[in-house]
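Colleague: Got a predicted structure here, sequence first:
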Amino acid sequence: MRINGKGLIDRSTPISFSFDGKKVQGFQGDTVASAALAEGRKIFGRSFKYHRPRGVMTTGSEEPNALVTLHSGAAQDPNMRATTQEIFEGLQVRGQNAWPSVDRDLMGVNDLLAPFFGAGFYYKTFMWPGALWEKLWEPMIRRAAGLGALSGEHDTSRNEKAYAFCDLLVIGAGPAGLMAALTAARAGADVILADEDARLGGRLLLEDEEIEGKPGHVWAADVTAELMGMDNVRVMTRTTVTGAFDQGTYGALERVAQHVAAPSNDTPRECFWRIVAKRAILAAGALERSVAFANNDRPGIMMAGAVRGYLNRWGVAAGQKVAVFGNNDNAWRTARDLKSAGVDVVAMIDSRKDATGEGDFPIITGGMVSDTRGRSGLREITVQSASGDQKFEVDCLGVSGGWNPSVHMMCHMNGRPAWDEATQSFLPVDNMVPGLKAVGSAAGKFSTQAVLEDAHAEAISALLDLGLTSADTVIPTAEDGAHNIEGLWEVPHISKGYKRAWLDFQNDVSTKDVRQAAKENFASVEHMKRYTTQGMAPDQGKNSNVNALAILADATGRDIPTTGTTTFRPPYVPVSLAALGAGARGKGFAPERFVTSHQATVDRNAPMIEAGLWYRPSYYPRPGEKTWRDSCDREVNMVRNAVGVTDVSTLGKIDIQGPDAGKFLDFVYINMFSTLKVGRVRYGLMLREDGHVMDDGTTARMGENHYVMTTTTAAAGQVMKHLEFVHQVHCTDMDVRMISTTEQWAQFAVAGPKSRELLNSILDEKIDNESWPFMACGEVSLSGVNGRLFRISFSGEHAYEIAVPSRYGDALFRDLVSRAETLGGGVYGMEALNVLRIEKGFITHAEIHGRVTAFDIGMGRMVSAKKDCIGKTASQRPGLNLDEREQLVGLKPLDGAQQLSSGAHLFTKGDALTADNSQGYVTSVGYSTSLECFLGMGFLVNGRARIGEQIQFIDRLRDIITTVEVVEPVVFDPEGGRARG
Amino acid sequence: MRIKCPLCGERDRREFYYQGAAIALNRPAPDAGDEAWNDYIHNRENPAGRTKDLWHHEAGCSAWLVVERNTVTHEIYGVELAEDVKRGSKNAD
Amino acid sequence: MADYIAKTPCDGLLPQTIGSLTLTETAVDRMTSFMPWKGREKTASKALKAACGVAFPGPNETSASGDVQAIWTGRGQCFILGVELPDGLSAEGALTDQSDAWAVMSLRGDAAVDVLARLCPVDLRDAAFKPGDTVRTEMQHMMVSVTRMDDGFQIMVMRSFAKTAVHDLTETMKAIAARA
Amino acid sequence: MRFSAWQVLKEGLTGNKGWTPHWRSPEPKAEYDIIIIGGGGHGLSTAYHLAAKYGGKRIAVLEKGYIGGGNVGRNTTIVRANYFLKGNSEFYSHSLKLWERMEKDLNYNAMHSQRGILNLFHSDGQRDAAARRGNMMINQGDDAILLDRQGVREIVPYLDYDNIRFPVYGALYHKRGGTARHDAVAWGYARGADQRGVDIIQNCEVTGIDIENGVVKGVQTSKGPIKAKKVGMVVAGRSSQVAAMAGMQVPIESTVLQAFVTEGLKPVLDNVVTFGMGHFYISQSDKGGLVFGGDIDMYASYAQRGNLPTTEHVVEAAMTLMPMIGKAKMLRSWGGIMDMSPDGSPVIDKTHVEGLYLNCGWNYGGFKAVPASGDCFAHLMAKDEPHPVAAKFRLDRFRTGQNILDEEGSGSQHNLH
């Protein structure tokens, strides 16, 4: 029911939306909860386990009950808080975890079985018969559990992430936050003020009180206006700071467009901020807690502060006959505010015998609500007091068990707050989070005047840390009432029958569950939590943890401080994964890298494969070719018989210069490079310090003090980092400089008997075998473009790699390919490249997969005895040099038509196919057009001594079971004459 | 987590690559024996508290850094260029 | 003989204007990395100044003279743009051609800083990052060099990342424009 | 008390007044035959197996805090036997078999659920590696199926098959893999051990290990000295500190592994899905929360909390792989201390001190190992010889280079895993 003249809503702007298909009429400034409450809605949700009807309980993001689903289709958004969701025209709201609706939920039958569903019941049953757990019981539990539902469709919303930096981050813009921000901003500090509400003011918007002689919300609006006008202040509304991380980093979620009816496609829905602050102030206020009494969860039972909050901010009376039940002075405000707004206050019930509040309504001191009635909405309460039990007809009950300072963020670094008897609450202690200080109600200050004074003082202290002096900021005068409280956690049961007093409304944890847990020796607070699921629901125990802790303390005969607390962990409020993972959907997860020939390759319809963020062509189909094998076989033949061209720019290239460059390379590679002649190229193998192979590649000596190293595509970054490490940590005395030139050069392999013929058609100076013998390198010129030419071969053919500055890459690639085609050759892809190298026994990272040594791949003798190098000592460990290690071999099927598969395992003939008997495995296979059969490479126990042996080749996953002969890794042109010719 | 690179200033952890304990600075001689090498490559003090480790400012200036910090609180006490540490003394600790 | 046509890294991708933001490519003719030899940092800087008028910039700094710009790009390293360095300079440090290795872009417009605040984890507030200041950092997992100009930001990513970088920048520009 | 549906029914009808402690809380005795340091999953499992299988008597488990408070209570609950290397393969195969009978053995429902695990692959090379691994699993007697893209699509239709950065080529499908209710595993073993006479002593911190002439004599604790003939250190997360009490330096670095859970959601994800290219794995708990994780935070830490770059990376992986997850909301994150060994595999071995045994180095895969780790460590402690399936988990493999168990091939050096 709306109360005329109350509330901060704009009654001139009506807005309608739907709740479970029914139209709701609200106003600008309403939330889903306030508008629906105004129209008399009682049930907002169903509880998790027993499907009990639940009403709205709070006004904030801590709301445990009023969780709803917004929108439908791909935009469907489950578990949204009705208490914070602003309404807009056409908004669709649906109740959840209920069938057919929250008002009439057939799952409510669960509640009847509650005696059997107590704490930890599932650990004790469903064990027999075993098969039924996964088939019957577990699916039943899974279907009943959960809250809202995902749509199952791809999320298509746009979200973003951002970084911000400031001197002072103020978290929360209630009286404390506003005061702190104002004090710091006036002193010139760079301030970020973040609040989860759309409007600043916090509790001032929910209370009827004055600051500086004007209504609190007016003071808040005035301060907001001043802050908004300052260049050094960034006000972030609808922004919840979610976590405190190391060195002053905070996470924050900004809801950018969730309150907008039709945002543009480019408008982000949410933005996840990383805010770096030199200092921070936590002004997050306090959250009111309930009291456990029988049936304290009926719709219509709310927090006392929420009842008056709905009245003062939204002009909504949550009931027509309202009672208030509390254990502290603050609760009385609700009765007074309601009364002055003309609402019937049935009773003010205070558990304290000596409570001294006044008001024009019936007052019961020393009384407690002990039971309630009303299945789908509160109808009656029972109050026990010295004068016996009294029953009152009410439709709303405001409850206040006191206030818990919002210390959550202070605990994000494992700090534990301390129990304070006076306020009956946990308060932050010093240095829980470096640089973060709690102020105001978050620090246990409960009068507005005390809050303002505390915030002002802490802001000045923060300014001192920042090296700033405060300008004159006068602390305004405000409400300064007492905040007396007497702990009350549970009203003793007096009525007979099976009745439960609820703690965690969301997870349906009652005081019985906590006591049972204690009885079963889940006496540690962490055990109790995990056994009962207390505090593990979406509110993470914000509403109930302290109460549950008090019950556990009582059940185990300890006091609250001894019993301890559980840990609060980030995020403070749930954060959508779309926001946290913004930008990653689709291709955004990792950058894409493109070579200069990419477009030309795409133009030729080559399927692309991914290689270390790069895209490389798999094969280049030609008309009439039906399978990739057709294309691959043709490309292999082309290289073997004419000339092929392929882009090898993705291989890492590192420019290494300096007087000590050769010496440096000697220390990095197992073999010698200082002895390499200028104008020559050498194959090198580098190890990790643990003695296993890191990477391989060729390194060219371009000048006396100038080398160009190539790495594999996958390891380029790792090798660069490694070289920097070796230089900066082990070889600081060496005068050597290095920089990646991978991107500077577009580099193409030109391979095949006609490779020189092709090159001579484009080089400004012709080459021959004398000027460019095998493994020669140097500078060349092509139509005036300076390039580099390396005579190296990964195919076993007479071959070169030619490099030009990348700006010419596209042009040169197209030219090379068309010239190759006129010579009967053409472009080839990774499939053909793979076959060519398998025929030659050349390794890739399929073979040097991290577990192999130089010994394993037959390069043990390359380790130079003349010098130390990275990994040398570790590679000499006895276990890395045993004959029984798996060694690199070639594999050839006995049956020429037999297909081989990579991933197969090898077994000695006659051995049973058990894991124990496995003799090795297959790393690479390809179809050799030259030998007209499949070839494989793999690792075999003592393989080098077993050349010629027939062994079992077993791929049970793909049902390829055959016999192969162990051969040398190189099977094509073993003498290497073709590359030298 | 933020690390103050001596060259670039304070930067987000995401710009850095982590290598491990700063024992890596003290590479034994090739003939130091298998215990020395086993200690160098594998065995670690792994303190719960103050430690020194090696980081690489990979997305920044490419410097290798020795970071002195606390493994329990994540407080950072100081950051030096690894090459300066290496030149300054034989031992990193 | 063929006539090889040069292509810039952002060929076909830029310029783009979104709202009041513009992203353009800066064509680079010559860009050379210069890394002074061990112990020659001071003489190298003098020699550089003598050769092309700019001193070796300190960390996070640039130096400029006419069309020549020196951008600090990392430990003991700077890039010299806009001039061909004399070979003789190699006596003072390692020279490596980087002219084709980077995509160089300029982002201009009032909200340019907001665009970068969504992509780079560094403090780019006016007070912390003035015209002429430079940083090496990352942009959506790509290594990047960002330099503040008088009227915007110069952004360099490695050439092969050009398409991704342009995509990330323009998508962010759209989101910023939509918020305005 | 024996747990059963009847018991739950009976108690339900009589006000749930008859439940008794799942384990006792005894004061420590002056002397035990065997002391297990560490009341986590592995320690409790060790004590259970010693008492239930190897005839151990007079056994105590000493726990610094509350039992199950370490990694067994903060992980992503995945149970699998899908290893490639000899040494690992037989061990995890054994462990999975123990999982399959655990609930019967313990009379405790740990909600072990063989929902199936799909390890996705994204290139031909990764398919080959998956096949190599799958063949080993089959050779070991476990199950594996190599699915192609369409096969994956039929089981997990909600992945992004059209626009993902790393296209799904297929998956290695391990049907017997799944999840379990992590806390219940610790509690079940604790109850089982307690029923067999093991003293579980909580809030009892070991502060020293008494060694005389190279022989272990007992331990010093916050509750006083306790004598023992044999002492087992099972304190992954604190291995370096406890081993140091015996003068040992172990090949362990401690790092943070974060895990995450969303708010409860109606069933949407039936299997466990792992996305190697993105370091991401996910399942849905029986309560409806999506439980997921990724790579370690990559720095030495005992803080039991992580930082945003890793969190964001994990969620970015989720968004590229399964964008339908976008509207799920992260409810809680937490961090465990990972006992990282150089090669990514554990140590179950004797030490240089007679009667002192070491169980450590579980990296980020200790949960699924809980049953076999306990069985094998109990075997070693009871018989002084390694259990056949854990014979390769030797401490000296790093010194000798023999049987290094680098499953991922990322190197047998720290911080490469």
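Modeller: Yes, it's here.
Colleague: From here on, just use CA atoms for contacts and neighbour counts.
Modeller: Will do.
Colleague: What is the burial count for residue 27?
Modeller: You didn't pick a chain, so chain A it is. Counted with other Cα atoms under 10 Å in any protein chain shown, the neighbours of residue A:27 add up to 20.
Colleague: could you do chain D instead?
Modeller: Number of residues near residue D:27 (other Cα under 10 Å) recorded here: 12.
Colleague: Verify the contact between it and residue D:198 for me.
Modeller: No: contact criterion Cα atoms under 8 Å: residue D:27 and residue D:198 do not qualify, at 11.9 Å.
Colleague: Scan chain C for its longest helix.
Modeller: helix C:162-179 (DSSP state H).
Colleague: for that helix, which positions count as buried?
Modeller: Neighbour counts over helix C:162-179 (16 or more other Cα atoms under 10 Å in any protein chain shown) mark C:162-166, C:168-178 as buried.
Colleague: what's the domain layout of chain D?
Modeller: Split into domains by automatic domain parsing, chain D comes to D:28-113+D:177-249+D:343-417, D:114-176+D:253-340.
Colleague: do the longest one and chain B meet?
Modeller: Yes: contact between domain D:28-113+D:177-249+D:343-417 and chain B is present through D:240-241, D:249, D:398-399, D:413-415 (criterion: Cα under 8 Å from any Cα of the partner chain).
Colleague: Columns neighbour count, distance to residue C:32 and pLDDT on top of those, output as TSV?
Modeller: As requested, those are exported to TSV (neighbours: other Cα atoms under 10 Å in any protein chain shown; distance: Cα to Cα, whole Å; pLDDT from 0 to 100):
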residue	neighbour count	distance to residue C:32	pLDDT
D:240	25	49	98
D:241	19	52	98
D:249	19	49	97
D:398	28	45	97
D:399	21	47	96
D:413	22	37	87
D:414	23	37	88
D:415	23	35	81
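Colleague: among those residues, which are in helices?
Modeller: Using DSSP H, these in helices are D:240-241, D:398-399.
Colleague: related to what we said a few turns ago, from the buried residues of helix C:162-179, pick the one nearest residue D:279.
Modeller: residue C:164 (21.8 Å; Cα to Cα).
Colleague: Chain C: strands as residue ranges?
Modeller: Ranges of strands in chain C, per DSSP state E, are C:16-18, C:21-25, C:31-36, C:62-65, C:68-74, C:77-81, C:93-97, C:102-108, C:134-139, C:142-149, C:152-158.
Colleague: Just put the ones you listed in a markdown table and tack on mean neighbour count, distance to chain B and mean pLDDT.
Modeller: A markdown table is the format used below for the strands of chain C (neighbours: other Cα atoms under 10 Å in any protein chain shown; distance: least, Cα to the nearest Cα, whole Å; pLDDT from 0 to 100):
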| stretch | mean neighbour count | distance to chain B | mean pLDDT |
| --- | --- | --- | --- |
| strand C:16-18 | 16 | 27 | 98 |
| strand C:21-25 | 21 | 23 | 98 |
| strand C:31-36 | 25 | 13 | 98 |
| strand C:62-65 | 18 | 13 | 96 |
| strand C:68-74 | 24 | 4 | 97 |
| strand C:77-81 | 25 | 9 | 98 |
| strand C:93-97 | 23 | 17 | 98 |
| strand C:102-108 | 23 | 15 | 98 |
| strand C:134-139 | 25 | 5 | 98 |
| strand C:142-149 | 22 | 5 | 98 |
| strand C:152-158 | 22 | 12 | 98 |
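Colleague: Out of these, the one nearest chain D is which?
Modeller: strand C:134-139 (12.7 Å; Cα to the nearest Cα).
Colleague: Is there any residue in that closest one that contacts chain D?
Modeller: No: using Cα under 8 Å from any Cα, strand C:134-139 stays clear of chain D, with a minimum separation of 12.7 Å.
Colleague: tell me which parts of chain B are close to chain D?
Modeller: B:1, B:13-14, B:18-20, B:34-35, B:37-38, B:41-48, B:71-74.
Colleague: Please list which of the residues you listed are also close to chain A.
Modeller: Within the residues of chain B next to chain D, those near chain A by Cα under 8 Å from any Cα are B:1, B:37, B:41, B:73-74.
Colleague: The residues you listed: which two are farthest apart?
Modeller: B:1 and B:37 (32.1 Å).
Colleague: secondary structure class for residue D:358?
Modeller: strand (DSSP: H, G, I helix; E, B strand; the rest coil).
Colleague: Now for chain D: which helix has the highest residue count?
Modeller: As assigned by DSSP H, the longest helix anywhere in chain D is helix D:89-106.
Colleague: What's the mean pLDDT across that one?
Modeller: For helix D:89-106, mean pLDDT is 97.
Colleague: And for stretch A:364-384?
Modeller: 96.
Colleague: what residues does that stretch touch?
Modeller: By Cα atoms under 8 Å, 6 or more residues apart in numbering or on different chains, the residues outside stretch A:364-384 that reach it are A:42-43, A:53, A:103, A:293-296, A:298-301, A:325, A:347-355, A:385-386, A:389-396, A:491-495.
Colleague: what subset of these is also close to chain B?
Modeller: Applying Cα under 8 Å from any Cα to those, none is adjacent to chain B.
Colleague: now those residues: which count as buried?
Modeller: Buried among the contacts of stretch A:364-384 (16+ other Cα under 10 Å): A:42-43, A:53, A:103, A:293-296, A:298-301, A:325, A:347-352, A:355, A:385, A:392-396, A:491.
Colleague: For residue A:110, which residues are in contact?
Modeller: Residues in contact with residue A:110 (Cα under 8 Å, 6+ apart) are A:49-51.
Colleague: Quick one: these as CSV, columns for pLDDT and neighbour count too.
Modeller: Putting the contacts of residue A:110 into CSV (pLDDT from 0 to 100; neighbours: other Cα atoms under 10 Å in any protein chain shown) gives the following:
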residue, pLDDT, neighbour count
A:49, 88, 24
A:50, 90, 21
A:51, 91, 24
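Colleague: Could you point out which of these is nearest to residue D:166?
Modeller: The nearest one, if we look at the contacts of residue A:110 relative to residue D:166 and count by Cα to Cα, is residue A:49, at 39.4 Å.
Colleague: Now do the SS call for the closest one.
Modeller: Quick answer, by three-state DSSP: residue A:49 is coil.
Colleague: That one and residue A:525: what is the separation?
Modeller: Here the criterion is Cα to Cα, to the nearest Å. By it, residue A:49 lies 22 Å from residue A:525.
Colleague: Go through the buried residues of helix C:162-179 and name the one nearest chain B.
Modeller: Proximity of these to chain B, judged by Cα to the nearest Cα, is greatest for residue C:165, which lies at 15.4 Å.
Colleague: Let me know the pLDDT of the closest one.
Modeller: pLDDT, residue C:165: 98.
Colleague: and the closest residue in space to it that isn't next to it in sequence, what does it touch?
Modeller: Excluding its sequence neighbours, the residue lying closest to residue C:165 (Cα to Cα, 6 or more residues apart in numbering or on different chains) is residue C:157, at 7.4 Å. Contact analysis of residue C:157 by Cα under 8 Å, 6+ apart lists C:102-104, C:142-145, C:165.
Colleague: center of chain D - which residue?
Modeller: Closest residue to the average C-alpha location of chain D: residue D:367 at 1.6 Å, with Cα atoms, centre = their mean.
Colleague: looking at the chain, which helix or strand is least sure?
Modeller: Chain wasn't specified; assuming chain A. Here the helix or strand of chain A ranked lowest by mean pLDDT, DSSP states H and E is helix A:130-132, holding a mean of 75.
Colleague: ah, I was thinking of chain B
Modeller: helix B:82-88 (a mean of 93).
Colleague: hmm, that one in reach of chain A?
Modeller: Yes: against chain A, helix B:82-88 shows contacts by Cα under 8 Å from any Cα at B:82-83, B:86-87.
Colleague: can you redo those as TSV with neighbour count?
Modeller: Listed next are these as TSV, based on neighbours: other Cα atoms under 10 Å in any protein chain shown:
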residue	neighbour count
B:82	26
B:83	21
B:86	20
B:87	14
